[in-house]
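> here's a sequence, model it:
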Amino acid sequence: MTTDMPARMLRLLSLLQTRREWAGTELADRLGVTTRTLRRDIDRLRELGYPVEGTTGRCGGYRLAAGTAMPPLLLDDDEAIAIAVALRTATTDVTGIGETALRALVKLEQVLPARLRTQVAAVQQATTAPVAYGSGERAQADPAVLALLAAACRDHEIVTFGYTTRHGTPGPRRVEPHALVPAAGRWYLVAYDVQQDDWRTYRLDRIASVATTGRRVPPRELPAPGPAAYVAAKIATAPARYRAVATVAAPAEAVLARTQGLPERVTPLTADTCTVDLSGDHLARIAQLLTALGDTTALEADPEVLAHLRTTARRTLRLAEDRSEPDPPSAEKQE
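Down below sits the predicted model:
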């Protein structure tokens, strides 16, 4: 039994932050106290300003609701390191996240113990930025939509929203959210479409008017090893306007380490060579990815792709040759 009241209060607050809702009896068992003591501890948290709500049900329960001010979060060492590293590597895939992440990072690193700051720096230095498929056509996600869908995924709550397809056709959707996956410069929602009775992926930049329904359902089993693998497979097999397949003189594992979640596009040929499917809708993107791969020995591509590469190569060579010419002599030297 936890007899140290301050330590027990911190433990209670930590538990409330790890789950959306707790049964009163389960919380009391975790803390090693009676339900009467638990109620007193909940009242103390409320007096300190924490918005702890009571929930109805067979045994009754508690949850930490959203308050007018952000309560202090209790993080263990691993959680603090993970958040600090994530903030340091925050990209622009979420609207306005760069500046916001910097402010949050400053606040967090001010209170990080010295031993954790050292670990954060070590992890950051050891992290290599992968080749981002589609990095030239990034699509920003609305932070409010991202947060709402993340909560719905966590709680297995059905949501509705408007969605515009790749052909520009709008329509309503009703889905069971499963996971959010960043890939190819975009955010994707993996969800089960209850109207289509099948799994789907949705780009967040094409989602509008998200609304929760309050209806929670048991989680379904995803037909893939994980959400990232599912999204990668969908992207790899999506229809593309231009076809391009490169042969690379490097092991598939090495190429995969330089790509961002698209293993379906890399096919081993031998122990030291592989092919990479660069097909897509944008010629500039294909050229960028081809350059980033390195060690390319062959390319099978549509005529439009080859023409674009030739034009880009001639333009680049001309710029390089212009820079290599010596400067003309000055007027003083000519006289």
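> care to break the protein down by domain?
5-64, 77-236, 239-320 (the TED database).
> got the contact list for residue 44?
Residue 44 makes contacts with residue 9, as judged by C-beta atoms under 8 Å, 6 or more residues apart in numbering. Where C-beta positions appear, they are placed from N, C-alpha and C, glycine not excepted.
> make it 10 Å
5, 8-9, 12, 50, 52 (C-beta atoms under 10 Å, 6 or more residues apart in numbering).
> dig out what the residue most central in space within the chain forms beta bridges with.
The centre of the chain sits closest to residue 182, judged by C-alpha atoms, centre = their mean, with a distance of 3.6 Å. On the basis of DSSP bridges, residue 182 is bridged to residue 187.
> can we start the residue count at 59 from this point?
With the count now opening at 59, the last piece we talked about shows up as residue 240.
> was I right to think it contacts residue 199?
Yes. Taking C-beta atoms under 10 Å as the definition, residue 240 is a contact partner of residue 199 at 8.8 Å.
> spatially, what comes nearest to residue 329 if we skip its sequence neighbours?
residue 309 (6.4 Å; C-beta to C-beta, 6 or more residues apart in numbering).
> ok, longest helix in the protein?
As assigned by DSSP state H, the longest helix anywhere in the chain is helix 361-382.
> can you pull out the helices in the stretch 209-358 of the chain?
Here the stretch 209-358 of the chain has its helices, by DSSP state H, counting those that start in this stretch, at 285-295, 310-315, 341-351.
> which one of these lies closest to residue 236?
With C-beta to C-beta as the measure, helix 285-295 is the member of those nearest residue 236 (6.5 Å).
> who does the closest one touch, helix- and strand-wise?
On a contact count with 3 or more C-beta pairs under 10 Å, 6 or more residues apart in numbering; DSSP states H and E, helix 285-295 meets strand 228-241, strand 244-251, strand 256-261.
> tell me the gap between it and the middle of its chain.
Centroid separation for helix 285-295 versus its chain: 14 Å, with C-alpha atoms, centre = their mean, to the nearest Å.
> how about the CA coordinates for it, as PDB?
C-alpha atoms of helix 285-295 as PDB (Å, rounded to 0.1, in the frame of the first residue of the first chain):
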ATOM      1  CA  PRO A 285      -0.200   0.800 -40.100                       C
ATOM      2  CA  ALA A 286       3.100   2.000 -41.700                       C
ATOM      3  CA  ALA A 287       3.400  -1.100 -43.800                       C
ATOM      4  CA  TYR A 288      -0.300  -0.800 -44.900                       C
ATOM      5  CA  VAL A 289       0.200   2.800 -46.000                       C
ATOM      6  CA  ALA A 290       3.500   2.000 -47.700                       C
ATOM      7  CA  ALA A 291       1.800  -0.800 -49.700                       C
ATOM      8  CA  LYS A 292      -1.000   1.500 -50.700                       C
ATOM      9  CA  ILE A 293       1.300   4.200 -51.900                       C
ATOM     10  CA  ALA A 294       3.500   1.700 -53.800                       C
ATOM     11  CA  THR A 295       0.500   0.300 -55.700                       C
END
